[in-house]
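> What follows is a protein structure lacking sequence information:
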């Protein structure tokens with residue numbers, strides 16, 4: 001007779017962090033130090049060295065030797081830095097080495113951040129208080145030319161791409177990340193479509209410094225903003241919402257031109273007939289939300305959608 005054994009559930013506060021990186025020697029020590037200083041460190045931190053040619057490998061080896069919960073994985077060099085598909089490819093290269101069943105939470109974390117000491121503990125506290133929260137983050141700030149911290153102005157309805165914190169159940173239900181530029185927008189919309197709540201908070205204890213401003217690239221911040229415009233097109237964003245987003249982006253440096261740079265990225269892809277993501281139902285969901293948000297504001301539109309879709313939330317459902 002076969003003995004029945006109940007499944008072993010993960011520690012409810014256990015989390016695994018996956019960090020793709022390439023040539024991050026200028027920033028990574030601050031991220032590494034802020035992770036070591038966390039009030040609740042991860043059960044495992046997998047850092048994927050995606051072909052670095054600077055001091056990154058030596059720095060990673062130094063920290064991994066001191067902390068047994070840091071594991072470094074070497075990925076073959078593709079020959080260049082890549083955002084969007086390249087970052088998510090490296091993320092999955094690391095995730096494939098992990099038994100996700102052993103953890104309650106999963107985080108995709110960049111190595112150009114300085115996190116407050118109670119960052120991950122604070123996120124887990126909020127998710128335990130509201131189990132419908134499937135993905136969340138704090139808010140990103142960067143230093144301007146005068147050294148003052150300035151908000152990156154990301155809406156409360158999204159978790160931020162540089163520090164995506166997920167319940168494993170939600171991550172599996174949405175099918176993980178798509179391998180395109182707007183992976184960090186598509187995931188939140190998909191989660192909300194399925195009845196989950198994506199959110200980010202601007203509480204002082206969850207604010208972190210982004211050492212490389214969002215939307216920048218290895219060429220220039222304008223290249224990064226054009227890339228973002230293309231990503232909005234790929235996701236299925238309504239053109240009116242894209243124009244409103246571009247105007248809003250003009251409020252942070254580089255003023256005006258930074259927002260304008262999104263427009264050719266979007267409409268250039270439209271003119272060329274570029275491919276969009278294949279989930280037509282999700283595109284319709286995104287556009288309905290965006291048009292409603294233009295009429296009544298994001299906060300009210302999100303509240304309406306989440307109330308309407310509360311009955312769809314099934315955290316135990318397999319992906």
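Structure's in. What do you need? Quick caveat: nothing in here was measured; it's all calculated off a predicted structure.

> can you give me how far the helix or strand encompassing residue 171 is from the chain middle?
Using DSSP states H and E, residue 171 maps to helix 168-173. The chain centre lies 14 Å from the centre of helix 168-173; the measure is CA atoms, centre = their mean, to the nearest Å.

> now what about that helix, what contacts it?
10, 100-101, 103-106, 134-135, 191, 194, 196, 315-319 (CB atoms under 8 Å, 6 or more residues apart in numbering). From N, CA and C alone the C-beta is placed, and that goes for glycine too.

> Show me just the buried residues among those residues.
Buried subset of the contacts of helix 168-173 (neighbour count, 16 or more other CB atoms under 10 Å): 10, 103, 104, 105, 106, 134, 135, 191, 194, 196.

> could you redo those residues as a markdown table and give each row pLDDT?
A markdown table is the format used below for the buried ones among the contacts of helix 168-173 (pLDDT from 0 to 100):
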| residue | pLDDT |
| --- | --- |
| 10 | 88 |
| 103 | 98 |
| 104 | 98 |
| 105 | 98 |
| 106 | 98 |
| 134 | 98 |
| 135 | 98 |
| 191 | 98 |
| 194 | 98 |
| 196 | 98 |
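
> among these, which two are most distant?
10 and 194 (21.5 Å; CB to CB).

> Helices of the protein, start to end?
Assigned helices in the chain, in chain order: 28-36, 56-66, 85-95, 119-129, 168-173, 183-193, 221-235, 239-249, 257-260, 262-272, 280-296, 298-308 (criterion: DSSP state H).

> Check which helices and strands the fourth one is in contact with.
Spelled out, it's helix 119-129. If contacts are counted by 3 or more CB pairs under 8 Å, 6 or more residues apart in numbering; DSSP states H and E, helix 119-129 sits against strand 105-109, strand 133-137, strand 163-167.

> wait, which of those is closest to residue 49?
strand 105-109 (14.5 Å).

> who touches the closest one?
14-20, 31, 42, 91, 95, 100, 120, 124, 127, 161-168, 171, 177.

> Any of the residues you listed buried? List them.
14-20, 31, 42, 91, 95, 120, 124, 127, 161-168, 171, 177.

> Pull out the buried positions in stretch 194-202.
194, 195, 196, 197, 198, 199, 200, 201.

> my bad, should have said stretch 251-264
For stretch 251-264, using 16+ other CB under 10 Å, the buried residues are 252, 254, 258, 259, 260, 261, 262, 263.
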